[in-house]
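A.B. asks: Sequence first, then the predicted structure:
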Amino acid sequence: MTTEAGSAETSSARERIYIFDTTLRDGEQCPGASMTFEEKLEVAELLEEMGVDIIEAGFPIASQGDFESVLEIARRAGDVTIAGLARAIPADIARAGEAVKPARRGRIHTFVSTSPIHLAHQMKKSESEVLEIIARTVAQARNLVEDVEWSAMDATRTPVEYLVRCVDTAIRAGATTINLPDTVGYAVPEEYAAMFREVRERVADSDKAIFSVHCHDDLGLAVANSLAGIAGGARQVECTINGLGERAGNAALEEVVMAIRTRGDVMPYETRVETRMLTRASKLVSNVSAFPVQYNKAIVGRNAFAHESGIHQDGMLKNASTYEIMTPETVGVKATSLVMGKHSGRHAFREKLKELGYELGDNQLEDAFKRFKDLADRKKHVYDEDIEALVGDEVAVAAE
Ligand code: KIV
Ligand code: ZN
């Protein structure tokens with residue numbers, strides 16, 4: 001099997017997946033992750049430059065600050081679509097419409113719960129009342145903008161019979177995107193894919209709308225579910241940088257995009273995201289949201305392209321494809337790092353010495369390697385300076 005097969009293929013054979021970034025809305029709902037006005041503008045600018053298709057810039061009715069940031073992002077936007085979220089309430093929809101109005105491409109994203117649990121305990125409404133709400137609010141939004149997304153909140157815990165009726169109502173009322181979120185991160189991939197297949201098959205005019213996935217990570221399945229939703233016919237993925245979001249977060253944009261790119265051999269899709277900007281985007285969002293990225297986070301974690309084991313380092317020095325399925329450059333990382341530690345072997349040690357400007361003879365190298373291993377057993381991090389200090393004496397003696 002070759003790696004990065006997808007990137008080698010011609011794009012014409014691939015179906016487009018639209019990337020809907022909700023870092024500034026669902027991401028910001030993550031406790032403690034709020035961003036200032038300027039920070040939001042900076043993130044939006046980077047997302048547009050990176051090639052995201054839709055930016056959900058906020059929830060305009062939530063606060064004056066949210067309204068103003070969505071409005072300003074809409075004013076500055078180029079070709080990217082700017083979405084504002086609205087509950088199925090006329091005042092919310094009007095406010096979202098006002099906020100996205102300056103955008104060249106503005107979208108109102110309105111949602112309502114559809115699951116029996118939400119209808120009984122939160123909405124206190126019957127199924128037919130919710131159907132009426134959908135028809136009324138989607139039509140209201142459609143009077144304000146051409147581009148209307150409707151979401152069935154808690155879709156994955158909604159009986160499919162009723163979900164089909166809801167989706168049918170939303171499309172008839174003018175929705176152009178239908179989002180079926182896994183709001184509580186409850187679905188498993190096979191059933192999420194099946195839900196999309198069934199709904200798309202049973203709704204008469206399903207091809208009038210683009211179907212969308214929106215997955216939360218409560219069971220650690222958000223990215224797997226998003227890809228399964230695509231297999232079931234969805235063509236828009238809602239996600240956030242670093243997987244920021246409510247509770248365990250949303251599907252991570254960088255993981256979805258790189259999975260599609262790296263496994264193009266089994267997934268005939270493409271996105272327009274410039275993957276070399278992923279690391280920069282991750283760092284920016286981590287800084288402004290004050291949310292650190294875990295070291296072993298896929299794609300953008302500090303260790304994503306770091307190797308310590310001697311066997312892996314030896315393989316990497318011979319050919320990078322032995323232990324890397326993507327090149328670090330593809331995601332904007334300069335180079336792989338071979339971390340020197342107690343698991344490192346002679347091969348990596350010799351290369352590290354060369355990099356630091358030392359050429360040791362075989363006996364000297366053996367000696368230095370033993371001392372390096374002793375040091376690594378005692379010390380968690382072995383830095384270049386430690387290695388220099390370690391071999392300094394050997395070299396000095398040899399030079400005399
Ligand atoms: O998780 C969810 O259901 C949402 C909706 C507002 C789309 O974030
Ligand atoms: Zn969500």
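C.D. replies: Structure's in. What do you need? Ligands and ions are numbered 1, 2, ... in the order given.
A.B. asks: contacting residues for the residue in the stretch 251-400 of the chain that ligand 1 sits nearest to?
C.D. replies: Closest contact between the stretch 251-400 of the chain and ligand 1, by Cβ to the nearest ligand atom, is at residue 251 (10.7 Å). Backbone N, C-alpha and C define where each C-beta goes, glycine included. Counting by Cβ atoms under 8 Å, 6 or more residues apart in numbering, residue 251 touches 213-217, 222-223, 225-226, 237-240, 243.
A.B. asks: and if we set it to 6 Å?
C.D. replies: By Cβ atoms under 6 Å, 6 or more residues apart in numbering, residue 251 lies in contact with 215, 222-223, 226, 239.
A.B. asks: Identify those among the residues you listed that sit within helices.
C.D. replies: Members of these lying in helices (criterion: DSSP state H): 222-223, 226.
A.B. asks: Return the member of those residues nearest to ligand 1.
C.D. replies: Of those, the one sitting nearest to ligand 1 (Cβ to the nearest ligand atom) turns out to be residue 222, at 10.5 Å.
A.B. asks: Give me the pLDDT for that closest one.
C.D. replies: You'll see residue 222 listed with a pLDDT of 99.
A.B. asks: just to revisit the earlier point, which non-adjacent residue is nearest the residue of the stretch 251-400 of the chain closest to ligand 1?
C.D. replies: residue 222 (3.9 Å; Cβ to Cβ, 6 or more residues apart in numbering).
A.B. asks: Number of residues surrounding that neighbour?
C.D. replies: 28 (other Cβ atoms under 10 Å).
A.B. asks: ok, now residue 315?
C.D. replies: Applying other Cβ under 10 Å, we find 17 residues neighbouring residue 315.
A.B. asks: Ok, the one 10 residues further on next?
C.D. replies: Using other Cβ under 10 Å, residue 325 is surrounded by 12 other residues.
A.B. asks: Quick check: phi and psi on it?
C.D. replies: Note on residue 325: its backbone torsions stand at phi -100, psi -10 [degrees, to the nearest 10].
A.B. asks: Check the spacing between it and residue 259 real quick.
C.D. replies: 10 Å (Cβ to Cβ, to the nearest Å).
A.B. asks: Tell me the residues on the chain that lie near ligand 1, please.
C.D. replies: 26, 111, 151, 153, 179, 181, 183, 214, 216 (Cβ under 6 Å from any ligand atom).
A.B. asks: Most neighbours among the residues you listed, please name it.
C.D. replies: residue 214 (29 neighbours).
A.B. asks: Can you verify my assumption that that residue contacts residue 238?
C.D. replies: Yes. The criterion here is Cβ atoms under 6 Å, and residue 214 meets it with residue 238 at 3.9 Å.
A.B. asks: I'd like the residues of the chain next to ligand 1 laid out as JSON lines, including distance to residue 346.
C.D. replies: Shown next, in JSON lines, are these (distance: Cβ to Cβ, whole Å):
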{"residue": "26", "distance to residue 346": "49"}
{"residue": "111", "distance to residue 346": "59"}
{"residue": "151", "distance to residue 346": "57"}
{"residue": "153", "distance to residue 346": "58"}
{"residue": "179", "distance to residue 346": "54"}
{"residue": "181", "distance to residue 346": "52"}
{"residue": "183", "distance to residue 346": "53"}
{"residue": "214", "distance to residue 346": "50"}
{"residue": "216", "distance to residue 346": "46"}
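A.B. asks: helices or strands up against the strand ranked longest in the chain?
C.D. replies: Using DSSP state E, we find that the single longest strand of the chain is strand 105-113. Taking 3 or more Cβ pairs under 6 Å, 6 or more residues apart in numbering; DSSP states H and E as contact, the helices and strands that strand 105-113 lies on are strand 81-87, helix 90-100, helix 127-144, strand 147-153.
A.B. asks: Thank you, goodbye.
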